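Q: Just a sequence and a predicted model for now, questions to come.
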Amino acid sequence: MSTYKVLVVEDSPTMRQLIVFALKRIRGFTIIEANDGVDGLKKLSSDKFDLIFTDINMPIMDGLKLVSLVRNDPGYKNVPIVIITTEGASEDRERALALGANDYITKPIQTIKIIDAAKRLLNLS
Amino acid sequence: MMDREDERGPAKRAEEFLQVFKKGAEFTQEILKDNERLRYQILELEERLKLREDMGGTGDSVSDKLLERIQALEKEKKEILERILHVEAENVDFANRYVEVESENNMLANLYIASYQLHSTLDFREVLQVITEIIINLIGAEEFAIMLLDEKTNKLQAMAGEGLELNELPTIGLGEGVIGQMAKTGENYFIDDMENYVRDFAHPIVCIPLKIKEHVIGVIVIYKLLTQKSRFAEVDYELFTLLAGHAATAIFSSKLYSESERKLSTIQGFIELLTK
């Protein structure tokens, strides 16, 4: 069975736990958590990931900067990125998609939407 | 003599003619009877033929066997189609059940995480932060406040919130207005018409008293939900119920812990002074 490594970048412990909780339901997923963009970048440089979930509004380094840096890294050029936003933040969402994010999920999030996005982007049945 | 014979001749001929006519009539009657009998036989044969056709028979034994087989297969096909319909109906049931289970799963995940996070710290400020996060991320509120009851003054004061300035919110006495009344009775309040709501600090769309058993220690007041959230889902009511109890105990525990820590450091200070 294939195994996938997923990075969850989210400053809110509640949201992070909810995303991890949802992703753990998919077999073969190893999930690594990061508190913000900088922490996320550190983990991206020390390991190889197949999928990234990131919040937009975070301290130190926000999700937009992270998406931009990840897309400029040849090793992560084609790795799918899902951003977590609020419905009202449409500008941020559009910017993130323009920077190279593949999909977005709006708050309040439902676990099934996280699972669906992960499966779709990794072409899992 | 000739004349007498001549006189009798026409009468005899008439009688003969009558006899011939009678025989002709009898013959016609017989033909009609035969015709009637044959018609009856034809009808009988037609009925038999129709009955055989209805039963699928031809009179030929091989063909009849084949017809029987076709009939059996037709019956089997009908049964299979019925079974397919049944299975399809079951599939729809399973799909609906799957959606229900997923929804319940989502609800349980939210409740588990909210509960876990509420009891993950004993720091008062962190507890308020966790409650704020739950209201934003799990319920989907944009403007809200957590008001706590000052037991000395019996007034509710905003201690944390999102989307509004805390000093904008008035201090509310117990039993005063909708918020004060809910804090006094311990009942949840949900506005009837959310669509036409205009923000009014005295009239929130939701007011949830934070209770330890029946003792109210504060309230959560919500004034605006996220744009995409037009109404509350079942999970939200469950989360409100959870917050009413667990958030209250988390706040109370963290306050007690802070007080005990403060007292402990004071006592330690005294002990140090005494032992020096």
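A: That came in fine, so what should we check first?

Q: Up against chain B, what does chain A have?
A: For chain A, the contact set with chain B under CB under 8 Å from any CB of the partner chain comprises A:12-15, A:17-18, A:21-22, A:86-88, A:106-112. Where you see a C-beta, it was placed from the backbone N, CA and C, and this is true even at glycine.

Q: Just the buried residues from the residues you listed, in ChimeraX please.
A: In ChimeraX, this line selects whichever of the residues of chain A next to chain B come out buried by 16 or more other CB atoms under 10 Å in any protein chain shown:
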select /A:12,13,14,15,17,18,21,22,86,106,107,108,109,110,111,112
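
Q: Give me the spatial nearest neighbour of residue B:203, chain neighbours excluded.
A: Counting by CB to CB, 6 or more residues apart in numbering or on different chains, residue B:178 is the residue found nearest to residue B:203 once chain neighbours are left out, at 5.5 Å.

Q: secondary structure element for the one you found?
A: For residue B:178, the element it lies in under DSSP states H and E is helix B:177-185.

Q: and that helix, how far out from the chain's middle?
A: Relative to the centre of its chain, helix B:177-185 is centred 35 Å away, using CA atoms, centre = their mean, to the nearest Å.

Q: Tell me which other helices or strands the very next helix or strand once past that helix touches.
A: Of the helices and strands lying after helix B:177-185 in sequence (DSSP H and E), the nearest is strand B:189-190. Helices and strands touching strand B:189-190, as assessed by 3 or more CB pairs under 8 Å, 6 or more residues apart in numbering or on different chains; DSSP states H and E, comprise strand B:206-212.

Q: ok, and what's touching the strand it packs on?
A: By CB atoms under 8 Å, 6 or more residues apart in numbering or on different chains, the residues outside strand B:206-212 that reach it are B:146, B:148, B:178-179, B:182-183, B:185-191, B:216-222, B:232, B:240, B:243-245, B:247-249, B:251-252.

Q: what's the longest helix in chain B?
A: helix B:61-118 (DSSP state H).

Q: So for residue 46, what's the pLDDT?
A: Using chain A here. pLDDT, residue A:46: 92.

Q: ah, no, chain B please
A: pLDDT, read off for residue B:46, is 88.

Q: Next up, the contacts around it.
A: Applying CB under 8 Å, 6+ apart, no residues contact residue B:46.

Q: Using the three-state scheme, assign it.
A: With DSSP: H, G, I helix; E, B strand; the rest coil as the basis, residue B:46 sits in helix.

Q: if I look at it, how far off is residue B:34?
A: Distance, residue B:46 to residue B:34, using CB to CB, to the nearest Å: 18 Å.

Q: same deal with residue B:144?
A: Between residue B:144 and residue B:34 the distance is 106 Å, computed by CB to CB.

Q: rewinding a little: quick one: contacts of the helix holding residue B:178?
A: By CB under 8 Å, 6+ apart, helix B:177-185 touches B:147, B:149, B:156, B:172-175, B:188-189, B:202-204, B:207-209, B:216, B:218-219, B:221.

Q: What remains of those residues if I keep only buried residues?
A: B:147, B:149, B:156, B:172, B:174, B:188-189, B:203-204, B:207-209, B:216, B:218-219, B:221.

Q: List just the nearest of those residues to residue A:32.
A: residue B:208 (35.6 Å; CB to CB).

Q: wait, what's in contact with the closest residue to that closest one other than its chain neighbours?
A: Nearest residue to residue B:208 in three dimensions, chain neighbours excluded: residue B:220, at 4.5 Å (CB to CB, 6+ apart). By CB under 8 Å, 6+ apart, residue B:220 lies in contact with B:131, B:135, B:144-147, B:206-208, B:210, B:240, B:243, B:247.

Q: Any idea which of these the model trusts least?
A: residue B:243 (87).

Q: where's residue B:218, which helix or strand?
A: Residue B:218 belongs to strand B:215-225, assigned by DSSP H and E.

Q: Please determine how far residue B:9 is located from residue A:44.
A: 143 Å.

Q: Please identify which of those two sits among more neighbours.
A: Applying other CB atoms under 10 Å in any protein chain shown to residue B:9 and residue A:44 shows that residue A:44 carries more neighbours, namely 22 against 10.

Q: Is it correct that that one is in contact with residue A:70?
A: Yes. Residue A:44 lies in contact with residue A:70 (CB atoms under 8 Å); the separation is 6.7 Å.

Q: joint contacts of those two?
A: A:52, A:76.

Q: List the buried residues of stretch B:161-178.
A: B:161, B:162, B:164, B:169, B:172, B:174, B:176, B:177, B:178.
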